[in-house]
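Participant: The following comprises the amino acid sequence and a computationally predicted model.
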Amino acid sequence: MTACGLAVLGVLVLIVYELTSRSSLSWHAFGFKFFAASDWDPVNEHFGALPFIFGTLVSSLLALVMAVPLAVGVAVFTTEMCPKALRGPLSFFVELLAAIPSVIYGLWAIFVLVPLLSHYVEPFLAKTLGWTGLFEGSAYGYGMLAAGIILAIMIIPIVSSITREVLMVVPQHQREGVLALGATRWEMIRVGVLRNARAGIVGAIILGLGRALGETMAVTMVIGNRPEIAKSLFASGYTMASVLANEFSEATGDVYLSALIEIGLALFLVTIIVNALAQLLVWTVTRGQPARGHA
Amino acid sequence: MPDLATTASTPQTVANISLWRRLTDHVMTGVAVATVVLVLAPLIAIFGYLVYKGVGSIDWAFLTQTPKPVGEAGGGMANAIVGSGLILGIASIVGVPFGVGAGIYLAEFGRNRLGSVVRFTADVLNGVPSIVIGIVAYAIVVLYQKHFSALAGGVALAIMMVPTISRTTEEMLLLVPQALREAAYGLGIPRWRTTLSITLRTATSGVITGIMLAFARVAGETAPLLFTTLGNDYWNLRVGQPTAALPLQIYNYANSPYDDWHRQAWAGAFVLILLIVTAVAAVRYAVRRGTFGAA
């Protein structure tokens, strides 16, 4: 049994070893410049990962901006306001949302979300908010905005289920105490519940971020897949995960493959750090009870 | 949980709360309800569209034939459905024993420093992007075999199953009352025997729940299969050869320019989600009926 336990550690070591050893070629060739250069030219073997890092960060942050208020709202509703009869079905539905495979989100995004964006949402945004520069260019539907929206839909379940867990461990007497002081329900939630659960909610958000950073299929299917850095959210982008998905099995040449694995390594390290941080924050709130919600 | 809170906080029961505070309370309640609606809307849209498109697209040929050559209408994904079964079978054979073993270790022998490290590692592994796991499987299986194979895909999915299964197994075993273990020790049964025949036996339904949830989670995974099993247009039941998989086929067909392939992508998505929802629903049903209703 101990061996099985150690196998879990072994897997992590294996991942680190394989990624580092197989990316060393690209590391020696480009060094730190790899993460600062923005040209991705497999033919001449010039590789810079900046457009992918940019795409990953922007799409994930965009997703967080949209998902966090909604997810926290749902969690507050289910724990504090919801009639008992609704609570079960509601959490079941949100769980179901988490069980849908990424590729099906992508499929739906291609055939429903993208046409919706290109026909209605993007022209509207361009007309009303075009002056900000964030909503310029042709409204193809594919691009950063579509990727952000589909990511938001995908990370809502995890953020909201963990926030719910965190809210549920806020001691009941906190709520009763605040109510006894004459607070309305919202004031009770704000002062008695949300303030106490702050660290845990931040943990839930970071966990959602970790999920968004590594999400591959749905994003690949709608982001447009062009290694560019553009200000407009309508423009195509590329993420670290989707360049792996698209180019890995076709990579010719050792340096090319090695460069892709180095992107994988960077993605791995970032998500590990983000997840560890989130895990610690959630743990401090739930006192060592594991943060579930992946299952 | 907060029943007291729900009843006591109804503003009408307290006479002298200012209009402003009461208004804020109502507005925030409205906002929370609105978030729930906004979260449920895409879910219902995705499910509704999936069922609508899926039911309309599925036919006998889809379930019994292999894909037709590029651009030709007709054919099906029978080989992909079987291929998915093969890959998931390999993943379960490799992943389940390790996962359950690690879970037993964590629950029964891991109440120490090493246990915490393993536990933390499992949680962090849970958050590693699936595409990175795919790279690792590529490095340890495909590069040695010199070609893509069902085995490599199975290994990738197994790596993803282990952390989920180990954590749920641990939780389930911890629910087994300590008195049962002590009773077994009292009869002179050695520790390993107690663990296997008493503790694990008692927690069987819960452990199976965890396994099914992990299974449902990896069943729709696409990213780690892209460069491990690769896909195949023909029947393949050999473990060492490239194999078709349902999620891969959905991905490829969704990105294709052919209407008939789009139709088949929807049909595939429908079959896949049916598989997953059945698994999740069966688990919920079993949990409700099983010994560990509280879990």
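Facilitator: Received it, and whenever you're ready, just let me know what you need.
Participant: Helix or strand: which one has the nearest residue to residue B:117 once chain neighbours are set aside?
Facilitator: Once flanking residues are discounted, residue B:117 sits nearest to residue A:9: 7.0 Å by CB to CB, 6 or more residues apart in numbering or on different chains. All C-beta atoms are positioned from the backbone trio N, CA, C, and that covers glycine. Using DSSP states H and E, residue A:9 maps to helix A:2-30.
Participant: and that helix, what does it pack onto?
Facilitator: Judged by 3 or more CB pairs under 8 Å, 6 or more residues apart in numbering or on different chains; DSSP states H and E, helix A:2-30 is in contact with helix A:254-286, helix B:78-104, helix B:113-126, helix B:130-137, helix B:150-174.
Participant: can you redo those as a markdown table with distance to residue A:18 and mean pLDDT?
Facilitator: Shown next, in a markdown table, are these (distance: least, CB to CB, whole Å; pLDDT from 0 to 100):
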| stretch | distance to residue A:18 | mean pLDDT |
| --- | --- | --- |
| helix A:254-286 | 8 | 86 |
| helix B:78-104 | 17 | 91 |
| helix B:113-126 | 14 | 87 |
| helix B:130-137 | 5 | 91 |
| helix B:150-174 | 11 | 91 |
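Participant: Out of those helices, the one nearest residue B:234 is which?
Facilitator: Closest to residue B:234 of those, according to CB to CB: helix B:78-104, at 6.4 Å.
Participant: OK, contacts around residue B:139?
Facilitator: For residue B:139, the contacting residues are A:18-19, A:22, A:261, by CB atoms under 8 Å, 6 or more residues apart in numbering or on different chains.
Participant: Could you give the secondary structure assignment for it?
Facilitator: helix (DSSP: H, G, I helix; E, B strand; the rest coil).
Participant: Name the residues of the top helix by length along chain B that are buried.
Facilitator: Ranked by number of residues, the top helix in chain B under DSSP state H is helix B:19-57. Under the neighbour-count criterion of 16 or more other CB atoms under 10 Å in any protein chain shown, helix B:19-57 has B:21, B:25, B:28-29, B:32, B:35-36, B:39, B:42-43, B:46-47, B:49-50, B:53-54, B:57 buried.
Participant: average pLDDT for that helix?
Facilitator: Mean pLDDT, computed over helix B:19-57, is 87.
Participant: For whichever helix or strand comes after it, buried residues please.
Facilitator: Once the chain leaves helix B:19-57, the next helix or strand it forms, by DSSP H and E, is helix B:60-64. Neighbour-count burial for helix B:60-64, with 16+ other CB under 10 Å as criterion, is recorded at residue B:62.
Participant: List the residues that contact the closest residue to chain B within the stretch 51-200 of chain A.
Facilitator: Scanning the stretch 51-200 of chain A for the residue nearest chain B gives residue A:101, at 2.3 Å (criterion: CB to the nearest CB). Going by CB under 8 Å, 6+ apart, residue A:101 touches A:217, B:219-222, B:247, B:272-273, B:276.
Participant: Just checking the helix or strand hosting residue A:148 against chain B, any contact.
Facilitator: For residue A:148, the host element (DSSP H and E) is helix A:144-168. Yes. Helix A:144-168 reaches chain B (CB under 8 Å from any CB of the partner chain) through A:153, A:156, A:160, A:168.
Participant: quick one on the thing from earlier: for the residue nearest to residue B:117, which residues are in contact?
Facilitator: Residues in contact with residue A:9 (CB under 8 Å, 6+ apart) are B:117-118, B:121.
Participant: Please apply the same query to residue A:143.
Facilitator: A:222-224, A:233-237.
Participant: Distance-wise, check it relative to residue A:228.
Facilitator: With the distance defined as CB to CB, to the nearest Å, residue A:143 ends up 10 Å from residue A:228.
Participant: again, but for residue A:89
Facilitator: Distance, residue A:89 to residue A:228, by CB to CB: 44 Å.
Participant: which one of those two has more residues nearby?
Facilitator: Using other CB atoms under 10 Å in any protein chain shown as the criterion, residue A:89 and residue A:228 rank with residue A:228 on top: 15 against 9.
Participant: if we look at the helix or strand just after the helix holding residue A:9, which residues are touching it?
Facilitator: Sequence order places strand A:40-41 as the next helix or strand after helix A:2-30, per DSSP H and E. For strand A:40-41, contacts defined as CB under 8 Å, 6+ apart pick out A:46-49, A:51-52, A:227, A:243.
Participant: So which of the residues you listed are in helices?
Facilitator: Using DSSP H, the members of those that fall within helices are A:51-52, A:243.
Participant: nearest to residue A:64, of those residues?
Facilitator: Taking CB to CB as the measure, residue A:52 is the one of these closest to residue A:64, at 18.6 Å.
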